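Colleague: Give me coordinates for this.
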Amino acid sequence: MVTKNAEKQDDLPFWKTKTLAEMNDVEWESLCDGCGLCCLNKLEDWETAEIAWTSIRCVLLDGESCRCSDYENRQATVPDCIRLTVESVSEISWLPPTCGYRLVRDGEDLYWWHPLVSGDPETVHQAGISARGRTVSEEGLDVEDYEDYLVTWPLEVGKGK
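Modeller: The predicted structure is shown next:
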């Protein structure tokens with residue numbers, strides 16, 4: 001006999017019933033909403049550890065789709081690319097406030113525009129959450145010029161959404 005509570009639990013989506021550590025690879029990868037914000041270059045103040053965001057995207061990030069153009073091999077091209085893991089998600093302070101990994105980590109629900117909720121990978125862009133159309137490639141830029149591209153919008157997306 002199945003109880004009503006068991007039925008309700010079974011009807012809940014995986015991100016409401018599992019921890020990040022309990023997710024399989026497909027579930028884990030699907031938490032990425034495709035916003036591209038984590039692939040923006042950030043500057044860290046060595047003295048204060050404060051993070052400043054730039055509108056400069058990784059050379060592998062497609063500025064239109066907001067997806068990595070070589071996801072499987074990204075660390076061969078970009079050795080300092082940070083691979084999100086259960087451990088790193090618990091340690092990284094700069095994950096965008098709308099990040100699915102951060103939300104699940106913190107026991108919060110995904111936003112309406114997240115592809116797992118909406119069923120459409122375009123809603124993250126339509127809602128104005130993504131980096132689409134807001135970035136420049138790091139290719140050909142000097143690191144000394146990164147301060148010219150400082151932005152605050154990656155930390156402001158999703159407010160009131």
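
Colleague: Same question for the top strand by length along the chain: list its buried residues.
Modeller: Longest strand in the chain, counting residues (DSSP state E): strand 51-57. Buried positions in strand 51-57, judged by neighbour count with 16 or more other CB atoms under 10 Å: 52-57. C-beta: built from backbone N, CA, C; applies to glycine.

Colleague: Which one of those residues is nearest to Pro121?
Modeller: Arg57 (18.1 Å; CB to CB).

Colleague: one step back: may I have the longest strand of the chain as PDB, with CA atoms only?
Modeller: Below are the C-alpha coordinates for strand 51-57, written out as PDB (Å, rounded to 0.1, in the frame of the first residue of the first chain):
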ATOM      1  CA  ILE A  51      35.300  39.300  -6.500                       C
ATOM      2  CA  ALA A  52      34.600  41.800  -9.300                       C
ATOM      3  CA  TRP A  53      32.700  40.600 -12.300                       C
ATOM      4  CA  THR A  54      33.500  41.500 -15.900                       C
ATOM      5  CA  SER A  55      31.500  41.300 -19.100                       C
ATOM      6  CA  ILE A  56      34.400  39.300 -20.600                       C
ATOM      7  CA  ARG A  57      33.400  35.700 -21.500                       C
END
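
Colleague: Check which helices and strands it sits against.
Modeller: strand 40-44, strand 136-137, strand 150-151, helix 153-156 (3 or more CB pairs under 8 Å, 6 or more residues apart in numbering; DSSP states H and E).

Colleague: 6 Å instead?
Modeller: strand 40-44, strand 150-151 (3 or more CB pairs under 6 Å, 6 or more residues apart in numbering; DSSP states H and E).

Colleague: Can you name the residues in contact with the shortest one?
Modeller: The set of residues that contact strand 150-151 without belonging to it, under CB atoms under 6 Å, 6 or more residues apart in numbering, is 52-55.

Colleague: Check stretch 57-75 too.
Modeller: Counting by CB under 6 Å, 6+ apart, 34, 36, 39-40, 81, 130-132, 135, 137-139 sit against stretch 57-75.

Colleague: Okay, the closest residue to Arg134 other than its chain neighbours and Gly36: tell me how far apart.
Modeller: Among residues not flanking Arg134 along the chain, Ser55 sits closest, at 5.8 Å (CB to CB, 6 or more residues apart in numbering). Distance, Ser55 to Gly36, by CB to CB, to the nearest Å: 11 Å.

Colleague: Kindly report the same for Glu156.
Modeller: 15 Å.

Colleague: who's more crowded, those two?
Modeller: Counted by other CB atoms under 10 Å, Glu156 and Gly36 do not tie: Gly36 has more neighbours, with 28 against 11.
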